[in-house]
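**Student:** Model the structure of this input:
(one chain, ligands or ions: 2)
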Amino acid sequence: MESLLNLTVAGGTPVRILQITDTHLFAEKHETLLGVNTWESYQAVLDAIRVENRDCDLIVATGDLAQDQSAAAYQHFATGIASFSVPTVWLPGNHDFQPAMYSALQEAGISPAKRVFVGEHWQILLLDTQVFGVPHGELSDFQLEWLETKLSDVPERHTLLLLHHHPLPAGCSWLDQHSLRNSAALDRVLAKYPNVNNLICGHIHQEQDLDWNGRRLLATPSTCVQFKPHCDNFTLDTIAPGWRWLELHADGSLSTEVCRLEGAKFRPDTASEGY
Ligand SMILES: Nc1ncnc2c1ncn2[C@@H]1O[C@@H]2COP(=O)(O)O[C@H]2[C@H]1O
Ligand SMILES: [Fe+2]
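**Tutor:** Numbers count the residues shown, from 1 in each chain. Ligands and ions are numbered 1, 2, ... in the order given. You can find the predicted model right below:
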């Protein structure tokens, strides 16, 4: 938890970050989630990112990397991103099994650091909102105190906050029962630190860009199945898998773009009622 990743970035250029989330990989490459082969859709996303050929300083993986808690699934994740040779950090989602996640990713050379200093102007903090065994999220007192310490000891840096669970209602009632339950406690901490203006989450398998008391909350598509916005009951979307690019500027501003696969190869079984 205490390890710090310190990345130098060429002066004058923004920090370029790739977010990959909710890969839901299995030990076996042929396994599917709701009709989508998650290993294949992850490979297709990585291939498309390679074709984009963008500069990238850091990859962030925001949870639900494995669907079956296996070390092999985390190894598949690591093998996939290895070709980028870019420093990568991760946080857990509700489906992750942290002992396997930590050790398999560490063995593959992926840092368990939850704090990253990037260049002179930014820090990135990765929160653990997992409540083991249930789909909703919560920040423990330990997490909230850790966050406050890391915010208060570098007040001159802008902070980008990453977490798996969405702290604001997503507008899908079936998903909103699985949100970050104590987001009010997070809001109380952040209210004291005006240098936290951007939060990024996964979990809801859809793109969102919301205002949370003056902060920007971004949610990012999964690399596999997508959930349809604004539905009361579990509903899958046929929109393609995606990923997110971020640029952090020296003045604290952030620019971002969601990209998706072309074509309709990874359409889920829309008759599925859950998992
Ligand atoms: N039909 C359903 N109704 C409510 N929740 C579901 C349903 N199917 C799956 N879920 C849970 O909702 C979660 C949302 O995204 P996750 O991938 O974290 O994992 C999902 C499951 O834990
Ligand atoms: Fe999740």
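
**Student:** Neighbours of residue 63, how many?
**Tutor:** Residue 63 has 28 neighbours, counted by other C-beta atoms under 10 Å. Just so you know, the C-beta spots here come from the backbone N, C-alpha and C atoms, and that holds for glycine as well.

**Student:** Report the contact partners of it.
**Tutor:** Listed by C-beta atoms under 8 Å, 6 or more residues apart in numbering, the contact set of residue 63 reads 21-22, 90-96, 130, 164, 202-203.

**Student:** any idea how far it lies from residue 203?
**Tutor:** Using C-beta to C-beta, to the nearest Å, residue 63 is found at 7 Å from residue 203.

**Student:** Let me see the mean pLDDT of the longest helix that the chain contains.
**Tutor:** Longest helix in the chain by number of residues (criterion: DSSP state H): helix 38-52. Averaging pLDDT along helix 38-52 yields 98.

**Student:** now check whichever helix or strand comes after that helix, is it near ligand 2?
**Tutor:** Once the chain leaves helix 38-52, the next helix or strand it forms, by DSSP states H and E, is strand 58-61. No. Strand 58-61 does not reach ligand 2 (C-beta under 5 Å from the ion); its nearest approach is 12.6 Å.

**Student:** Using CSV, write out every CA atom in strand 58-61.
**Tutor:** Provided in CSV are the C-alpha atoms of strand 58-61 (Å, rounded to 0.1, in the frame of the first residue of the first chain):
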residue,chain,number,x,y,z
LEU,A,58,0.8,5.2,-17.7
ILE,A,59,-1.9,2.5,-17.9
VAL,A,60,-4.5,2.4,-15.2
ALA,A,61,-6.7,-0.7,-14.7
